[in-house]
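In: Following is a predicted model, sequence given first.
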Amino acid sequence: MDSYVTGTAIKRLREAKGLTQAELADKIDVSAKAVSKWETAKGLPDISLLEPLAAALGVSVLELMSGAVVANGNRCANMLRSKMYVCPVCGNIIHTMGEAVISCCGIALTALEAEEADPAHTPQIQPVEDEHFITVGHPMTKTHYISFIAYVSTDRLQIVKLYPEGNAECRIRLQRHGYLYLYCNRHGLIKHKI
């Protein structure tokens with residue numbers, strides 16, 4: 001069974017904060033022996049202690065549970081460094097401009113890794129007025145479909161949500177060099193350089 005928090009993460013975060021086991025224990029009203037058990041994987045903190053433990057360690061509950069600290073260095077000014085997440089339960093599309101700890105429907109999500117477009121996922125692009133008409137010759141059944149098409153350039157993001165049994169097409173204004181992303185519910189995130 002997977003645990004919701006690891007002793008290694010607790011120890012690493014405690015040491016980074018400069019706390020001893022006893023000091024951390026005092027902050028959350030448990031014994032130093034309890035903290036030692038957590039860090040050596042001989043026990044887990046009670047679920048009711050996650051919020052106070054995260055606060056004492058200076059991280060969010062999601063960061064504590066993932067074991068990854070997210071530091072906002074405000075270095076992601078370029079939209080081309082975007083990360084996309086899709087919830088497998090509700091289908092939410094979540095966009096970030098850099099590293100993040102994302103959770104939806106009680107599931108910790110990982111950033112999607114984009115693959116280069118193959119013939120089945122290659123978009124056709126035609127100029128129409130001041131926009132571009134994007135079509136993809138892809139099945140749009142209830143079990144296999146394109147969920148969204150997104151265009152990301154250095155300074156903007158446009159997302160068009162698509163639905164099963166609809167058409168895999170949309171209109172987007174392509175103004176600069178960037179990437180066109182397609183999300184196939186079976187094959188994942190596909191990118192096409194513009």
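Out: Now that the structure is in, tell me what you want to look at. Everything quoted here is computed from the prediction, not taken from an experiment.
In: going on from the helix or strand harbouring residue 9, what's the next piece of helix or strand?
Out: Element membership for residue 9 (DSSP states H and E) is helix 7-17. Toward the C-terminal end, the helix or strand that comes next after helix 7-17 (DSSP H and E) is helix 21-28.
In: Quick check: residue 141 touching residue 163?
Out: No - using CB atoms under 8 Å as the test, residue 141 is too far from residue 163 to be in contact (11.3 Å). All C-beta atoms are positioned from the backbone trio N, CA, C, and that covers glycine.
In: Between these two, which is the more surrounded one?
Out: residue 163 (13 against 9; other CB atoms under 10 Å).
In: per-residue confidence for the more buried one?
Out: At residue 163 the predicted local confidence, pLDDT, stands at 92.
In: Check residue 88 too.
Out: Per-residue confidence (pLDDT) for residue 88: 88.
In: can you map out the strands along this protein?
Out: Taking DSSP state E to define them, one finds strands in the chain at 83-86, 93-96, 102-104, 107-109, 115-116, 123-128, 131-136, 146-153, 157-161, 169-172, 178-184, 188-193.
In: Residue 66 is nearest to which of the ones you listed?
Out: Distances from residue 66 to each of the strands of the chain were compared using CB to CB; the minimum, 5.7 Å, belongs to strand 107-109.
In: Tell me which other helices or strands the helix or strand bottoming out on mean pLDDT in the chain touches.
Out: Every helix and strand in the chain was compared by mean pLDDT, DSSP states H and E; the lowest is helix 61-66, with a mean of 76. Under the contact definition 3 or more CB pairs under 8 Å, 6 or more residues apart in numbering; DSSP states H and E, helix 61-66 sits against helix 7-17, helix 50-57, strand 107-109.
In: just how off-centre is stretch 173-186 within its chain?
Out: On the basis of CA atoms, centre = their mean, to the nearest Å, the separation between the geometric centre of stretch 173-186 and that of its chain is 18 Å.
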